[in-house]
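1. I'd like to go over a predicted model; first the sequence, then the structure.
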Amino acid sequence: MEQLDNDKLIWMFTQMLRIREFEERVKRTFEEHPGVIRGHTHLADGAEASIVGSLATMAPGDQLMATYRCHGYPIALGTDTKSIMAEIYGRKDGLCGGYGGSMHLIDPGRGFLGTSGIVGQGIPQATGVAFAAQLRGQDQVVLSFFGDGASKQGAFHESLNLASLWKLPVVYIMENNNYNVATRSEQEDANAAAGEPLSTKAAAYSMPGVTVDGTDPVAVYEAVGAASDRARAGGGPTLIESKVYRLSAHGNIIAPPGVPLHYPEHEAITVFGNREEYEAALRGDPVPRFRARLIEQGTLDPARADEITQEVRDEMDAAVKFALDDPFPEPEAAARNDYVYA
Amino acid sequence: MAREIPYIAAVQEAIRVEMERDPTVVFYGQDVAPSDEDPLVQAFGRERVRVSPISETAEIGMAVGLALAGYRPVVELLMAEFMLVAMNQVVNEAPRLRYMSGGQVKVPAVFKAGYGFTAGWAGQHTGSIYGMFMGFPGLKIALPSTPADAKGLMAAAIRDDNPVCYLINYLLVLEHGDVPEGEYVVPFGEAAVRRAGSDVTLVATGWTVGQALAAAETLAGEGIDAEVIDPRTLNPLDTATILSSVEKTGRLVIADQGTRHGGASAVIAAEVAEHGFGSLKAPIAQVTALDVTVPYSEPMEAYVLPNAEKIAVTVRQVLGEAPVAA
Amino acid sequence: MSSALDPAIADDLLRTMWRIRLFEERVAQLKRTLQVHGLIHLSIGGEGVAAAVCRQLRDDDAVYSGHRAHGHAIAKGAPLDRLMAELMGRESGICRGLGGSMHLVDSEHGFMGATGVVGGNLPLALGTALTQHLEGTDEVTVVFFGDGAVQAGHFNESINLATLWMLPVIFVCENNGMAEFTSREEHSTIERVSDVVAPYGFERATVNGSDVPAVYEAFAGFLQAARAGKGPYLLECVTYRRRGHYEGDPEKYRDPVAEQEWAERDPLARMTERALKEGWVDPDVAASIEREAATEIEEAVRFARDSPFPDPQIAATLVYAA
């Protein structure tokens, strides 16, 4: 992997900020424009360092698949935020024409081959993309993103076994935010219950298991970079446990039509009454921390940081405006047979 | 040039021909070519022909990923019921991704399995479960009943840009039939009229096609001229051919190895009831398996399944316009 | 050398092993002459594990098995005549002819079922173990499965929950190095199943499945703890699958050299040899055990042949519980 130069570090900070500002506006839409977002959204606030640190390692031709908590990846890859917001708002110029919604973003041209709405089910698909990469023989690497909840799924077990057996060029990145919806991982995971890192599971699949501080983008970059180098050289997969804390609840509330959707407080508070845990996470918020670190080490000038911040806010305000003004698709578009069948 | 080969060889031949023709076709699954002496391994090597462990979710999910990434996987699942282990990937992922992406991607994958092995394989290995797949738009279904169709429909399945459940009937694997050499494709959505007739339309799938033809022979001796139609694919379903046959005969009997509820027969019956009502001179009748798990013991197994005799009895009832037993 | 067995237990084990061995050989013959129908998987080579484990269980302990279940059912107490009748599709069969080889159930003796889909039995076993845990009894659950099941998703899902909830379940893996027609190294990078569960940190052991006293002893340790409510445990028994995956399997994938190993690894031959050497049974008794087993199997075949086939109409009456 490349060393991180100043430009790259500033790029990483910018992407983290873009993801944060985008997600803030998704969340704000529920308050400011009720009814505009339907269904279920899941935000990446708190995971920016892990997402950007991972994507910073990608070489041209590399690919990734993710979960329904997917906004951050295309943002960092450069997908137009207007079209992402329009998709979330169900508009005709949305990234998928309004067909998919928040959970099913995709940008194949930039290597983002999509998501699954079902926990764990994207892991075997990413494994298949890595199988294709192996066949193609062009040194591509595939990043497979999923959460800690997915590591209990049979799909995780089967995929990691196969990838290891066939030495597929894939890096499995488990974003462990310690919650599976409203359940803490020690309530559902034998390793977590025993106080062990979830990277322990890698031993069952003959691959290295690495735990990294997912709130430090440089640490993530180094861990994922090393794993990618290994995969690219034919050394097979790695399991990376990237420890993050999501700063929003799992998603907006699930309610039938008529009940206004909104984001409740984090489950640490609403389910476990542990406000202190949440506040500690807020104090450790990776985005302002990284900004402060770059300024302190002289990489980033405060004035430039402010400039970037303003540009990003303007970009995301424009995304919201675009999406609000964009018309809905024609209803008949639902029946497009050429979208049902290729 | 056609020559006689067994159904099971015709399937393998299609896979080999398509793998020769298209380097993006990949074949893997449990016990696929474990030996390096296997002709497919000899021809295409271990990169494109792989054996995988018992991991249906990964096997089918990987096929989705391979397809998204520009390859054309054929996954050997052995028995249709094993697809149930990975039901999410089969029905909730593969056929839905294109649509949800607004047409940006396609998932050309073939899920190959056997079904209907009602020869003592008992309750969990014997079902004809494709009826449930008809309810998932985006997922195509092929049921070859002859060796030629086994080859042609597999070729079509591989060339199709959509996910396909390609299901061979295990009772037919050793049936011999004329199969063209080289590239041979049977298009999806085109039913085959296996026997022309004018008194009743008999629609039958898979193994029941042979049963329907046997029934037609018997009935011919009684002066009843049955037209036997094999839809070949359930999705896309060639309702036009069925409807125009019913227009001619005025009567429809459907034979299928699956259960009555949630089965292919019910879908066909409903289409004709709605769009061909004016042609019907008698109620539509269905000859399906009973709505039970297939039992192991031979006489019970035979009892629950459709067969030539039950088809013939039903045809006579329909022609006599006598009430058909519920 | 594994520890001694009580002679009475050794006698019982030999008896069970002979009954399984001869039953299975007879079934193979009957299959060839089409008197047994359908898909049959034989337990030849697995008799030792079945006997050593099940001898220590009670009727109120639950046992689950997979498609290769005859040996487990016999060892758990299923009557041979009703098993044979089941395989021959008769009404007097243990499942009234409805289930067949892969779907045997003998709930009276706690044999909760064989299933046909690899790994499908693992979650079922968890359910029974959970009720045992909730009721606080000293009953345990044992689930038999092969090394092929370990790569299936059901496996890690079950292991995680069994560990998290500390259920009184003993996973008994018969690792014969083959899953259907391919060998373990084509299924996994990890040779020993016990190493696959290493991340879960619960107690496990690997024993030679042909060394019946060793299996007995290892299982006894886990059983004692499980009866005290502890768990889970994994006992991996390295075995050898004597015949093909299913009856009629041409076995093109077998290495001829491996066949020679059979003589050394036949659990029945080894147990007999050890029992005689240690004086747990004397030669006359050993011979009579075999004869009595043969007689019992012939009676089972006669019983099955004399039994009628089921009235087909019952097929439709058993779909739903009343």
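-> On my side now, so go ahead.
2. Just give the nearest non-adjacent residue to B:Ala142, would you?
-> Nearest residue to B:Ala142, sequence neighbours excluded (C-beta to C-beta, 6 or more residues apart in numbering or on different chains): B:Leu153, at 4.3 Å. For glycine as for every other residue, the C-beta is placed from the backbone atoms N, C-alpha and C.
3. For the one you found, give its distance to B:Lys140.
-> To B:Lys140, B:Leu153 is 10 Å away according to C-beta to C-beta, to the nearest Å.
4. and if you look at B:Gln286?
-> In terms of C-beta to C-beta, B:Gln286 sits 23 Å off from B:Lys140.
5. So which of those two has more stuff around it?
-> B:Lys140 (23 against 20; other C-beta atoms under 10 Å in any protein chain shown).
6. What does the pLDDT read for that one?
-> As predicted, B:Lys140 sits at a pLDDT of 97.
7. what does B:Gln30 give?
-> In the prediction, the pLDDT value recorded for B:Gln30 is 87.
8. Is it correct that it is in contact with C:Glu186?
-> No: with contacts defined as C-beta atoms under 8 Å, B:Gln30 does not count as touching C:Glu186, sitting 10.0 Å away.
9. can you list residues touching both of these two?
-> Residues within reach of B:Gln30 and of C:Glu186 at once, by C-beta atoms under 8 Å, 6 or more residues apart in numbering or on different chains, are B:Val51, B:Pro53.
10. Who has more neighbours out of these two?
-> The neighbour comparison of B:Gln30 against C:Glu186 (other C-beta under 10 Å) goes to B:Gln30, with 26 against 17.
11. From chain C, how far out is that one?
-> 6 Å (C-beta to the nearest C-beta, to the nearest Å).
12. ok, so what distance separates that residue from A:Ser159?
-> Taking C-beta to C-beta, one finds B:Gln30 at 16 Å from A:Ser159.
13. B:Gln211 too?
-> Here B:Gln211 is placed at a distance of 42 Å from A:Ser159 (C-beta to C-beta).
14. cool, and C:Ala62?
-> Counting by C-beta to C-beta - C:Ala62 and A:Ser159 are separated by 31 Å.
15. Can you report phi and psi for the closest residue to chain C within the stretch 101-250 of chain A?
-> Nearest residue of the stretch 101-250 of chain A to chain C (C-beta to the nearest C-beta) works out as A:Gly154 at 1.6 Å. Main-chain dihedrals, A:Gly154, degrees, to the nearest 10: phi -60, psi -30.
16. before we move on, what about C:Tyr233?
-> Given degrees, to the nearest 10, the pair of backbone angles that C:Tyr233 has is phi -140, psi 150.
17. any idea which element C:Glu86 lies in?
-> helix C:80-87 (DSSP states H and E).
18. Figure out how far the very next helix or strand once past that helix is from the centre of its chain.
-> Next along the chain after helix C:80-87, taking DSSP H and E as the criterion, comes strand C:111-114. Offset of strand C:111-114 from its chain centre (C-alpha atoms, centre = their mean, to the nearest Å): 10 Å.
19. Rounded mean pLDDT for strand C:111-114, please.
-> For strand C:111-114, the per-residue pLDDT averages 90.
20. residue ranges of the strands in the chain, please?
-> Using chain A. For chain A, the strands defined by DSSP state E occupy A:63-67, A:112-116, A:142-147, A:170-176, A:179-180, A:183-184, A:209-213, A:238-243.
21. looking at chain C here, not the other one
-> Under DSSP E, chain C gives strands at C:62-65, C:111-114, C:141-146, C:169-175, C:178-179, C:182-183, C:204-208, C:233-238.
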